[in-house]
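Asker: Pasting the sequence and the predicted model now:
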Amino acid sequence: MSVMIYKQNFALHDKARKVYYRPTVGDCSCRYNFDGQDYLLFNLDNKRFFYYGLLFNYLHLMIEGRNPLIAYQRSLHRTYTCFGESTTPSIHFLRRAWYAFSRLLAIPIDDSFACESCGPCPEIIVCDGTMIGMRKDLMMPMNDLDESKLVPVKGSLHSDRVLIKTARARYLLLQYSCFKRDRKPVACPQKLTDKEFKQLTEILHSDGFVALEKLLLKIEDQHQERLAPVPYRKFLSEIARNSPACGMVQIAGCKQACDVLKRIANRSIDVFLPENACHWSLLSENAPVISSFLLLCQKHCSSGIPQEVFDLLSHILVTIQAPFKISEPDKCHYPEPSEANKFSYFPSLPQLHGNAVYQIDKSRLSTANDVCNKRSSKHPALTPGIFTIYCPHAICYGFEVLKECESPRHPFQIFKTRFPKPPKIVVYDNACGLHQYCLNREPIFFQKTSFFCGPISLERAYRLPI
């Protein structure tokens with residue numbers, strides 16, 4: 001029988017060879033075929049044999065140098081060609097040999113998807129999608145969830161989470177603060193007209209934001225101009241955004257920080273006194289936006305921080321805690337874990353329950369409230385990619401094949417259905433949209449989770465000081 005033997009680069013004299021079988025002992029007519037094991041040869045299909053050293057060589061190149069298989073095959077072809085050989089293994093047979101060989105390796109794959117430092121359920125998550133698509137026609141259909149038997153879960157409302165509910169008031173206040181929407185100061189700020197300032201205060205009064213209305217009127221009496229003083233500009237620009245107050249100041253899950261802010265608003269403690277340094281440190285760590293604002297007011301206000309500022313802080317604290325005043329959903333709202341999902345792999349995070357049905361998804365406001373979605377286009381034949389989650393030590397905890405374009409729904413479903421308790425910190429390039437998505441559906445579950453976003457890569461996220 002003629003066979004082809006492929007060895008390492010330094011053993012290029014091997015060409016097609018003839019091998020023989022030998023009869024077995026006994027009366028039967030069975031025969032013992034050549035399998036190559038005595039010569040450290042891996043038998044692919046009884047016609048092609050690969051030297052184990054060649055396969056192990058690629059194994060170490062893949063691990064240490066991240067070499068793809070096609071690059072290894074090209075290097076073999078060039079090396080063989082330099083020595084006048086034409087028996088280079090094709091990429092087709094080399095791939096088959098590698099896949100068959102890798103199945104024989106005793107690799108604890110499940111153990112490699114967990115970090116020794118973070119444990120089976122990490123508290124800090126770095127997640128993102130990658131564009132590694134697969135053919136859509138090869139995906140097996142999955143049974144859809146029967147939503148008629150589930151009671152919809154009610155989340156919080158966007159109007160209860162923002163400080164200023166009217167878009168016109170937010171626009172005027174942002175102009176008054178001398179900042180742009182991208183958080184950059186305006187080079188040549190324009191003052192509000194008397195009509196615009198009056199309109200701003202009237203809207204604030206009608207929306208129930210009397211604390212901010214009184215502060216703006218006090219500033220006007222003191223400075224006689226329609227531009228915010230320097231100490232107030234940055235803080236007022238943050239209030240003017242259409243973002244949740246609990247996102248601007250992420251202290252809803254920290255009872256100690258909320259108590260400190262409440263005592264500051266009630267003027268029961270002075271955080272600038274040396275004996276209250278621990279309270280100031282706690283506020284600076286958990287609410288840097290407020291601590292920076294109070295520090296600027298303390299430095300620039302000669303007569304002390306106005307009472308209207310403390311009233312404003314009280315209103316902000318109430319708005320921060322508003323989304324979490326609802327009751328936690330019962331277990332009956334969540335279905336049993338679905339059938340084994342062949343398109344997701346989380347060895348240390350098995351599915352605890354299925355995906356619930358949410359009231360906001362039943363309403364027409366779902367698309368309007370779930371803002372900050374990524375803009376992406378679909379491939380006609382390939383899936384959008386896979387969604388991965390990592391710990392800060394660059395250990396992948398699993399992945400899920402994206403059947404649709406990436407959106408905040410994918411990390412939300414992973415955290416809610418697989419994590420017994422939510423992570424404390426989530427780093428995601430669309431964290432603003434993910435935070436809104438979570439508050440619309442499961443505000444209680446994600447109350448103690450802090451979301452961080454930015455145009456960062458996974459490599460930079462691993463080195464964040466968190």
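Answerer: Arrived safely.

Asker: Would you map the strands across the protein?
Answerer: Using DSSP state E, the strands assigned to the chain run over residues 2-6, 16-18, 22-23, 31-32, 41-43, 48-51, 124-130, 344-345, 385-390, 396-402, 425-427, 450-452.

Asker: Which of the ones you listed sits closest to Thr193?
Answerer: With CB to CB as the criterion, Thr193 lies closest to strand 450-452 of these, at 37.8 Å. No exception for glycine: its C-beta is placed from N, CA and C like everyone else's.

Asker: for the closest one, packing partners?
Answerer: Strand 450-452 sits against strand 425-427, helix 431-441, with contacts defined as 3 or more CB pairs under 8 Å, 6 or more residues apart in numbering; DSSP states H and E.

Asker: can you do 10 Å?
Answerer: Applying 3 or more CB pairs under 10 Å, 6 or more residues apart in numbering; DSSP states H and E, one finds that strand 450-452 contacts strand 124-130, strand 425-427, helix 431-441.

Asker: List the buried residues in that strand.
Answerer: In terms of neighbour count (16 or more other CB atoms under 10 Å), strand 450-452 has its buried residues at Ser450, Phe451, Phe452.

Asker: Stretch 37-51 too?
Answerer: Under the neighbour-count criterion of 16+ other CB under 10 Å, stretch 37-51 has Leu41, Phe42, Asn43, Leu44, Arg48, Phe49, Phe50, Tyr51 buried.

Asker: now those in a markdown table, with pLDDT?
Answerer: As requested, these are exported to a markdown table (pLDDT from 0 to 100):
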| residue | pLDDT |
| --- | --- |
| Leu41 | 86 |
| Phe42 | 88 |
| Asn43 | 87 |
| Leu44 | 87 |
| Arg48 | 86 |
| Phe49 | 85 |
| Phe50 | 88 |
| Tyr51 | 88 |
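
Asker: Okay, Lys136 and Arg95: tell me how far apart.
Answerer: Separation of Lys136 from Arg95 (CB to CB, to the nearest Å) stands at 22 Å.

Asker: just Gln73 next, same as before
Answerer: Per CB to CB, Gln73 is found 8 Å from Arg95.

Asker: do the same with Thr201
Answerer: Thr201 sits 71 Å away from Arg95, taking CB to CB as the criterion.

Asker: More neighbours: which of those two?
Answerer: Thr201 (20 against 14; other CB atoms under 10 Å).

Asker: Surely that one and Ile219 touch.
Answerer: No. At 11.2 Å, Thr201 and Ile219 do not qualify as touching, with contact defined as CB atoms under 10 Å.

Asker: Grab the nearest non-local neighbour of Ile203.
Answerer: Residue nearest to Ile203 in three dimensions, not counting chain neighbours: Ala169, with 4.1 Å by CB to CB, 6 or more residues apart in numbering.

Asker: Settle this for me: that neighbour is touching Leu200, isn't it.
Answerer: Yes. Ala169 lies in contact with Leu200 (CB under 10 Å); the separation is 5.8 Å.

Asker: shared neighbours, the two?
Answerer: Leu212 (CB atoms under 10 Å, 6 or more residues apart in numbering).

Asker: Please, where are all the helices along the stretch 201-350 of the chain?
Answerer: Remark: helices assigned in the stretch 201-350 of the chain by DSSP state H, counting those that start in this stretch are 210-223, 230-239, 245-248, 255-265, 277-286, 288-300, 307-321.

Asker: coming back round to it: and of the strands of the chain, who's closest to His279?
Answerer: His279 lies closest, by CB to CB, to one member of the strands of the chain: strand 450-452, at 20.1 Å.

Asker: Rounded mean pLDDT for that closest one, please.
Answerer: Averaged across strand 450-452, pLDDT comes to 90.

Asker: follow-up on the earlier one: can you tell me which of the helices and strands packed on strand 450-452 is packed in deepest?
Answerer: helix 431-441 (a mean of 23; mean count of other CB atoms under 10 Å).

Asker: Packing partners of that helix?
Answerer: Counting by 3+ CB pairs under 10 Å, 6+ apart, helix 431-441 packs on helix 158-161, helix 245-248, helix 359-362, helix 366-369, helix 409-418, strand 425-427, strand 450-452.
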